[in-house]
Each structure stands twice: as structure tokens, then as C-alpha cells.
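Participant: Provided below for reference: sequence and predicted model.
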Number of protein chains: 8
Amino acid sequence: MTLTVYLSGEIHTDWREQIVAGAEGLDVAFSGPVTDHAASDDCGVAILGEEPDKFWHDHKGAMVNAIRTRKGIADADVVVVRFGDQYKQWNAAFDAGYASALGKSLIILHGPAHAHALKEVDAAALAVAQEPAQVVDILRYVLTGTLPG
Amino acid sequence: MTLTVYLSGEIHTDWREQIVAGAEGLDVAFSGPVTDHAASDDCGVAILGEEPDKFWHDHKGAMVNAIRTRKGIADADVVVVRFGDQYKQWNAAFDAGYASALGKSLIILHGPAHAHALKEVDAAALAVAQEPAQVVDILRYVLTGTLPG
Amino acid sequence: MTLTVYLSGEIHTDWREQIVAGAEGLDVAFSGPVTDHAASDDCGVAILGEEPDKFWHDHKGAMVNAIRTRKGIADADVVVVRFGDQYKQWNAAFDAGYASALGKSLIILHGPAHAHALKEVDAAALAVAQEPAQVVDILRYVLTGTLPG
Amino acid sequence: MTLTVYLSGEIHTDWREQIVAGAEGLDVAFSGPVTDHAASDDCGVAILGEEPDKFWHDHKGAMVNAIRTRKGIADADVVVVRFGDQYKQWNAAFDAGYASALGKSLIILHGPAHAHALKEVDAAALAVAQEPAQVVDILRYVLTGTLPG
Amino acid sequence: MTLTVYLSGEIHTDWREQIVAGAEGLDVAFSGPVTDHAASDDCGVAILGEEPDKFWHDHKGAMVNAIRTRKGIADADVVVVRFGDQYKQWNAAFDAGYASALGKSLIILHGPAHAHALKEVDAAALAVAQEPAQVVDILRYVLTGTLPG
Amino acid sequence: MTLTVYLSGEIHTDWREQIVAGAEGLDVAFSGPVTDHAASDDCGVAILGEEPDKFWHDHKGAMVNAIRTRKGIADADVVVVRFGDQYKQWNAAFDAGYASALGKSLIILHGPAHAHALKEVDAAALAVAQEPAQVVDILRYVLTGTLPG
Amino acid sequence: MTLTVYLSGEIHTDWREQIVAGAEGLDVAFSGPVTDHAASDDCGVAILGEEPDKFWHDHKGAMVNAIRTRKGIADADVVVVRFGDQYKQWNAAFDAGYASALGKSLIILHGPAHAHALKEVDAAALAVAQEPAQVVDILRYVLTGTLPG
Amino acid sequence: MTLTVYLSGEIHTDWREQIVAGAEGLDVAFSGPVTDHAASDDCGVAILGEEPDKFWHDHKGAMVNAIRTRKGIADADVVVVRFGDQYKQWNAAFDAGYASALGKSLIILHGPAHAHALKEVDAAALAVAQEPAQVVDILRYVLTGTLPG
């Protein structure tokens, strides 16, 4: 059994690298969005032509990024969504809702400070974790039945 | 043709009332979440029993609210999601993603300050409006073909 | 908004009547299985001809009952599944799984003694109640936003 | 043609091992739940943190186990559900209902004593077997057209 | 609860009339194909223009009839398929397969002489009846819980 | 049986009016796009704000019109698509493809000159008509079994 | 591109072998039912126990065969259904209807004598062939763009 | 991650070859229709027998081609639809609508002269490009996160 896991959300810390490194040796195929912030913001106009209006600049980029995001979520068995301490991160919550409606198994990853604000998102999840290592422990248990420690 | 419209998101201003009043006379059936903030936060424990841990307090409430939210979105032709100026509003973005994955027609309603942060959400929408009156104009046009002015 | 509610499970107490009576005045359409135990057991052979083998006797009846059960669950927004104190009640758990896979909002109703044995079923639910009155409270809240007391 | 088979239900006898051994040489990919009872019960709290309340202890574990169960059933062509002589086994009946709603081919495996109580579950199945060897015979026939003996 | 029932198959006896008359007073909405054999055969060319080639004559008619058939089956909760004593009746078996794949509750109606030839069709059904009166009994039981006699 | 019929395509002749008038007395609910060409072109900017770039002017309008189009097609049993003599009419062909993928019964309406260019579209249809009166004849036959003349 | 092709229907001539041999070298994966008539008739009782009643004898076999049939059709891109000169072949027509409702590309294979009786089945097909060699030609063309001769 | 890309539309220029060549080294699996115009027009009659009526000649060909087209679109993550300068190209717009209803990521490729006529098609797309090289840039970015230049 290969588990396909999409890593959505916060792009300013190394949580994805921690999970991928921790899951080494497990039969997991990871995917995720483009995490180069500048490329992600500008991909639309860089490829399809400049827009003087910032709204359409953003729009073209968001649409191009959606090609990757939709594919990643559609193919995933498990979608992990990480909420960090900064920014609105509405795209992360959007991904969580999108994945939930498709019936994906959701794992939400955030610190305790966000618990109340994320209660509806957490309520759609099969696990709410605080640390990337817990996500690794879940993946290992799901694949091998082995608990940590 | 009756248009069923779910009004998701911000609950601290009267935008829902503005839209409902503006749409008077149109063949629209509106629905939305419980907008009594205290009731919405406490419904789980008030009905199903107290929880000493705030996480489970919130969780039980979010689950009960999901019965209404899922029904409302599942039945809707159009889902309007309003982002206000305060709070994280992750549940609004979650609803937008959920509705998008179900193929609902999305209208996103927010001020210009949030445009960049909402670019992925806006990119999934068929209309991005700034004022409740514009949502009314869209509903009138969709149902009757009449433009404002 | 009319809420369509299917009442599955235990047929030896009056929990259905309590919920229907308690929900009087709410916009709820209830449905459920045939609760006449003898009729339910014998419907297959009574209509389609006797079977000397008890297995096929049961089978023909279960199939005829499935016409009603499938229709009721397919049409429902909310499926309430009650587990009583007696019998194996595997059909109740089957209905819960069936409803869950269709994305129905599940409310599971059982006493605390069954909590551990029902943990997988409860984990698929949006609410776990102990008393029929709590189910009524949930339906009232979902439809009107009003909490008890 | 590879047949993907999920083995659900009773975890206290070696019926899974019998089927896997009997199917050696056939093009079958087996999956199933974690069958280490203690790990299965405690996985939620072991990974995501202790819960003083047994209900939430169980709940967290059931949710984590659901990641594996849902994946296994979703990927399966055939779901075999075994009911043993002990315990309520409501999770087994839940899996059967869940798989049935997804259109999976169901094989139910149980002794004759449970036939009446399982009549609704059996009625959703394409085969009702009493012995693991019969399941192997079905898999061999489905894949190769060869009957036993 | 209204039960929507599509009556497919044989058009040379009055079995539909028997069922509709027997179900008087029950909350059933019946539909079915055009049963005027000549109109059914010629509808394509009568409306859309003559075809010198009999194959296309038939094809145009079958396509126009499919508009009604698909609508009737798609809207139905229960599909009854009657096999008579004459003709190939492949369209009846086709309708049964089509309805089965859509998850409709199937009732197959035929005399005992056809049992072996219809075993795959019967195996997809929730009831196999020999007489129209039995279909009425099933509909009455499903809607009211009342058995005959 | 009410037949819901969406009338897509050409907006420069009175073919919709002919069909609606011809179908008077039949149980048909018609819908269609906004057929006021100017309103349809300008609805986006008239409601949501001017765009200096013609591409985004058009885009905003097409998106708002899609709210109506998607609803109309999603609710329809039958989608009639008319191709006239002028313009590219790619939106008509798009609607036909969209409706086809949703499994709607398609009727394509066009003159013989377009037959070769429309062969892939016609191949997805259950009827290819040349005159609005033929569409009326089909609707009458489907609903009542009556042929013209 | 690999094309997965299910070969349904008549089992008394070598049409399957002709198609498989003719398609040698093409990227096609073929599947089909068990074509050993005796094994197919008796598989249910041979594996799951004797039935004194012929109806249940047949039923158990048809159910076991359905495990293979459903898998084959569900996995197929193209379903070829062959109608021979003998027998009722209702299972073939059932398979055609089942495959059609799942949106599979259907090829129907039969002699001209059956054209009128199969008009509804043919109307659901993308090709109606008379000879196995034509099916091979279609597969070759679909995969390589090469026409015969 | 392998991206499966279907290249639909115009067959008179080498845009497919440009994209395939440009994407060399990327993990993309391309598919598309038969682009030999004569073979595509005549495949139906060449394989299944001559038709004196041009309409049925075209129809048989369009149906056979649909086997390939449906498979290609159904398997695709991304559907690119190219509109050239000549012909009606209604099949291209049909494919775009078909792919859109299936939730595929659409990239529309056309010169600026067609922008107004294609506004509804473009509105369903995640990217509107003018040059094949831009499609390559999108595929590279989606797969690797790398922008051009």
C-alpha cells in the first residue's frame, strides 16, 4: 500500500522537509504546492503576460497554481494542512474544505493558539496534530501499525 | 427557476440582511449558518453535555453546526462567502473550498484590502464583489436578465 | 429549509415516537424502517413465496426491506442510528456505514455502556447523543438556531 | 487482472492468515486494518496526546484508524467482512455498510449461528461464506475460472 | 414518502395496468416507456425524417425513446422490469442493467420458465416476482409496512 | 412527469419562442441563457466594475452568465442546442459538451449546411433536428407518446 | 495509452480468441467473464454449498460471477458485447445497460438478423459491428490511427 | 508526479509537436485525437461499412473517434484546447465543455482575434495562452516550480 499525501498550507517554515525526512523508508508519495513564494505569486504574468491591474496579476497566478493544487489534492489519500503563526492563510483553509468535500482524509497541523479559530476545520479532520513529527507518526502507524516509542 | 443561495462567512455585520432585503421579489431561497455567535460556540455542550477541555467543547459545537452547514451548501445553487475585516475567518475559506469542490457557483464578497490574501479563493469564484448590493444585482441579473441602473 | 431525517436502528423501545413528538412544529420529515418485527422478518416469504430454508427466508425479507431502507437513507439529510441494550443490531451499524459513505450527517444515539464498542461508528458521526431528547434539541438548533433551556 | 481485497472485521483468530496463505500464487493484493488490538485502541493518544476522558481517548484512536480503513476500502475491488463469535463487532458491520454504499463486491464470512442477525448484511453481499477456505476458492475462481476439487 | 416507480419491459399484456390499479391509494408515482408499439418503432422517422435504411430508421426511433427511458429510470426509486413469454426483450434486460448500475432498487417480474436465463438479472434485484399482484404487495409493504392477507 | 428543458445557443432568431409556444399545454419547464445580447456582454462590468482591458471585460461577464448557464443545464433533463448560420457559436458547442458529460439528453438543432462541421456534436445527441417544430414534436412524443399528423 | 477492453456476451463461439489474436501487438488489456459454461453455472454451489432449489443454485452462482463481471466492466475503457444466434442472452444485454450507465464506450457485435431486436442496445453504442475483425480494426484505429487495408 | 495532458482541437498546424518537443524531459504523458484528417473522417465507414447518406457516414466516424476522445479526456489531468484561424472547430469547443464538466484543468490556446468569441470557453479555463510555448511553460512550472527566463 502506497499512501499519497498532499502537504498544503504554510510555506515559511521547513515543516514539509521535516515530514518528508521523518517518513523516509515509508511507502509514501508526497506532493504539495510550489513553495517558492515569488514564483507562486508571479507565475501567471511571467508565463501568460503582464497585467497592469494587481487583481488580475494575482488572478492569473492563482489559476495557474490551481492546476497543480487540484491535481495534488485529487490524487491524494491524505491531505495535511498546516496553519502557521502568520498571515491569513485562507488558501490553506480553502484547500482543507476542498479536500473534505472530496472525502480525503484530513490531518490539520497547528499550534494550540489557533484551536478556537480552526474549530470548523479541525472538525472535518481525522487528526489534529501540533508537530510535524506527529504527522510522521500517523503515517508510520497507518502504513505499518507501529506506534512511536 | 428558484435560485437557492447559501450565505456563508462573516457574522458581525448586517450583510445578510442587506442581501435578503435587496432580493425581495426575486425567486431566491436563502439559507446560512446560525449567526448567533454564543449559541454557535456553545451548541455542542449545551445539548450533548459539558466538556472540561476547551478543544472538545469547540469540537462538539463545530460538529453540530456542520449538520446545518453541509445541508445548506449541498442544497445551494450559489454560495456567497463574505470575508470581513476581523478575525481569521478560516471557516469561511473552508466553506468556499468545500462548495468549490462540489461544483457550486461561488460569489466571494470582500473589501479590496483582502484581495491578495484571497487570490486563491477568488480564483475559484464566478464573481468577486465588494458590496452586498452587487450580490443582489448578480442574483437579479441571473434570474431576470435585468442589469442595474 | 426542510430537514429529512431517517431514524435507523433499535425497534423495541419508543425512541422514534419520542423524537417525532418532540420535533412537533419543526420542519422535519421523518422516515424509518418498518418497525413491526414480525412483518419485517416475514415480508419476503409472505409476498414472494415460502422458503423451506431459513437462510433464504431471511434473505428474501432483508432484500424487500432494503427497498425501503435504501430509499429512506438516500433521501435523508440526517441519519440517526439508535443502538439499544439488546441484540447484535448489526443492521444498525450497517446503516451507519452505508449512510456515512453517502456523506449523510450521522447522529448516533446510545447509552454510555456501548461507547467503546461503538467508537468507530461514533467517529463517523457529527453528534453522539444518549437520549432522544438530545436529538430533538439538535434538530431544533439546526433548523432554528435555538438552544434548549 | 489484479484483485484488490480488503479483509475487515474480527481480529482474534488467524482467518486473514489462512486466506492470504491459501491465495498464494493468485494475483491478489490484500489489505486490512491494524490487527494489533492494543495499538489500535491507543494509537490516537499515543501519537496525538493523552485524553483523561475515555470517550475522547477512543475517539482519537478511531479517527486515526479511519485513515487506514477508508483507504483500504476505497482501493478495494472486494471487501471481505468476518464476524466472529465474540464482541459486538459493530465496526465490522459499519465497514460492510460503508463498502456496500461504495459499490464494492462484498463477501461476508460467519458461522451459521449468526445468520439471522446478519441477514441485512448478508443481503448486501455477493457471497456468504462460512470458512476462510471458501473465500480463497472464490478468489481463485474469480481470477482463474477454476473450481475447487 | 412518495415512491417513484418505473415500469420497464414487456408491452403486450396489461401488467402495467394491473400494478397501477392495484396500487391505487398508495403514494406511488408511476412512469414507463411509450407502450404504443407502432409509435415507439416509428417515432424517429415520423418526427425527424424518413430513412431508407431500416437500421437508421430503428436507430432514430431508439434514440428518441431513450430521452423518455433515461428520464424515467433516473428519476425512479424502484425499477420494475417485466419479461414476457415472447421476443428477445433485450431492451428490458438493458434497462435492468442500466438501472442496476445507477443503484436503483430492482424488482424483476417473470414466470418460472425464464428463471435460469434470467439468473444474472435476478441476481441484481431486490425482489423476483412472478405476478403483478406481488409487485403491488411489495409497494404496499414498502410504503405502509402492511403485509397481504 | 415534468420535463425540464434548457434551450442553449443561437440568440438572434425566435426559435426559443417557437418551441415554447408549440409546447403550450405540455408539462415542460423551459430555461435558457439571458438572450439580451448587450446585457449578456456587459453584465460583468455593469455590476462588478469597469475593466479597461476588453479581455477582462468579457471574462467578468462570461463568469456571471455562467451562474445561470450552469444552473440551467444542471437542472435540465433535456438540453436543446441550436446552431444558427452566423458567428462562431463556440459557447453553444461548449454547452453541448458540458451537458453531454453530465449525461443530459441532447437535442441538436441546425440546418443541413452545418452537418459535417457538427458531426462530433451530433454524435453525442439523442436527436438531430432541423426545425424548432421537430423539437416540439419530440417533447410531445416523450411526454405523451403522441406522434405528429 | 493502454486500452482496457471487456469482452461480454456469447460464450459458444471463438469470437474472443479472434479478437485477442487480431489485436496482438496492440496495447490492449482484455478481460471477460468465465467462459467455461459448466463452471459458471455451478460456481456458487461448488464453493458455498449445495442448494436443493434450482433458483438458489443459480442465484449463488450468478452472484459469485458478478464479482468478476463488475470488476471487469468497472475497469474497462471499452466494453464489447457479442450477441450470438442462440439463447436469450439477457446477461449480455444487462451488461450492456450496466456499462452504458457507467459511461463506458460500448461496441455491440451481432449479425444483421438481430438488428431490430437490439435497436435500443445498439443506440447506446459507439459502434455496431458484425464481425470480430471489425472490433480489431476499431481497437487498432483508436490506438494507432491506422485504418484497415 | 506524472501529468497526463490531452491535446484537443485544431489539427492543421504543428502546435502539438511544438508542445511535445518543448516538454521533453518533463514527466508528462500526452494524448490526443487522431490527427490524420482523412482517416478521422472516414474511419466509421472504412471499418463498419459504407453509408450512402453523408450524415450517417459522418456519424459512424464521429462515434468511432469518440472512443478515443472520451478515453483521452477521462484519463487527463489537463486538457489543452487549441482554436486555430479556420473552420468552425465546434468539436474543440465541445471537448472543452465536456472536459470542464468533468472538472479537468483546462488550458485554452488561441490568438487574440478569437478572444471575444471564446469568452465563455476561456471563462472555464485555468489559463488562456496564445502560443504553444506558453503551454510548455505552464507544464514545466506546474511540475517543477520553475519559471521561464
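Facilitator: Looks like it came in fine.

Participant: how about the residues of chain A by chain F?
Facilitator: Those residues of chain A that sit near chain F, judged by Cβ under 8 Å from any Cβ of the partner chain, are A:51, A:53, A:56. Just so you know, the C-beta spots here come from the backbone N, C-alpha and C atoms, and that holds for glycine as well.

Participant: and the residues you listed, which is closest to G:Glu10?
Facilitator: G:Glu10 lies nearest to A:Trp56 out of these, by Cβ to Cβ, at 59.8 Å.

Participant: circling back: let's see which of the residues of chain A next to chain F end up in helices.
Facilitator: Per DSSP state H, helices hold the following members of the residues of chain A next to chain F: A:Trp56.

Participant: please indicate which of the residues of chain A next to chain F are buried?
Facilitator: Buried members of the residues of chain A next to chain F, scored by 16 or more other Cβ atoms under 10 Å in any protein chain shown, are A:51, A:56.

Participant: just put the residues of chain A next to chain F in JSON lines and tack on distance to D:Arg16.
Facilitator: Shown next, in JSON lines, are those (distance: Cβ to Cβ, whole Å):
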{"residue": "A:Glu51", "distance to D:Arg16": "59"}
{"residue": "A:Asp53", "distance to D:Arg16": "61"}
{"residue": "A:Trp56", "distance to D:Arg16": "57"}
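
Participant: now render the residues of chain A next to chain F as TSV, adding distance to F:Glu17 and pLDDT.
Facilitator: Shown next, in TSV, are the residues of chain A next to chain F (distance: Cβ to Cβ, whole Å; pLDDT from 0 to 100):
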residue	distance to F:Glu17	pLDDT
A:Glu51	42	98
A:Asp53	41	97
A:Trp56	39	98
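
Participant: could you dump the residues of chain A next to chain F to TSV with distance to chain G?
Facilitator: Output for the residues of chain A next to chain F, formatted as TSV (distance: Cβ to the nearest Cβ, whole Å):
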residue	distance to chain G
A:Glu51	37
A:Asp53	41
A:Trp56	37
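
Participant: ok, now how distant is the residue in chain A that chain F sits nearest to from H:Ser100?
Facilitator: The nearest approach of chain A to chain F comes at A:Trp56, 5.9 Å away (Cβ to the nearest Cβ). Going from A:Trp56 to H:Ser100 by Cβ to Cβ, to the nearest Å gives 21 Å.

Participant: repeat for A:Glu24
Facilitator: Computed as Cβ to Cβ, the A:Glu24 to H:Ser100 distance reads 40 Å.

Participant: surely A:His12 and A:Gln86 touch.
Facilitator: Yes. Counting by Cβ atoms under 8 Å, A:Gln86 is a contact partner of A:His12 at 6.9 Å.

Participant: give me every residue in chain A lying close to chain H.
Facilitator: Contact residues, chain A versus chain H (Cβ under 8 Å from any Cβ): A:31, A:34-36, A:39, A:42-44, A:46-48, A:60, A:63-64, A:66-68, A:70-72, A:74-75.

Participant: which of these count as buried?
Facilitator: A:31, A:34, A:39, A:42-44, A:46-48, A:60, A:63-64, A:66-68, A:70-72, A:74.

Participant: just the ones in helices from the residues you listed, please.
Facilitator: Going by DSSP H, the helices hold A:39, A:42-44, A:46-48, A:60, A:63-64, A:66-68, A:70-72, A:74 from these.

Participant: same for chain E: which of the residues you listed are within range?
Facilitator: Checking these against chain E (Cβ under 8 Å from any Cβ), there are no matches.

Participant: could I get the buried residue list for stretch A:80-89?
Facilitator: Residues A:80-84, A:88-89 are the ones in stretch A:80-89 that count as buried (16+ other Cβ under 10 Å).

Participant: actually, stretch A:89-107.
Facilitator: Buried residues in stretch A:89-107, counting neighbours by 16+ other Cβ under 10 Å, are found at A:89-102, A:104-107.

Participant: that one and chain C in contact?
Facilitator: Yes. For stretch A:89-107, a contact with chain C is found by Cβ under 8 Å from any Cβ, at A:Gly103.

Participant: send me that stretch as CSV with only the CA atoms.
Facilitator: Presented in CSV, the C-alpha positions along stretch A:89-107 are these (Å, rounded to 0.1, in the frame of the first residue of the first chain):
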residue,chain,number,x,y,z
GLN,A,89,-3.7,31.6,5.1
TRP,A,90,-7.1,31.4,3.5
ASN,A,91,-5.8,29.3,0.8
ALA,A,92,-4.9,26.6,3.4
ALA,A,93,-8.4,26.7,4.8
PHE,A,94,-9.8,26.6,1.2
ASP,A,95,-7.7,23.5,0.5
ALA,A,96,-9.0,21.9,3.6
GLY,A,97,-12.6,22.5,2.6
TYR,A,98,-11.9,21.4,-0.9
ALA,A,99,-10.3,18.1,0.2
SER,A,100,-13.0,17.5,2.8
ALA,A,101,-15.7,17.7,0.2
LEU,A,102,-13.8,15.2,-1.9
GLY,A,103,-13.7,12.8,1.0
LYS,A,104,-10.0,12.9,1.6
SER,A,105,-8.6,12.0,5.0
LEU,A,106,-7.6,15.3,6.5
ILE,A,107,-4.8,15.9,9.1
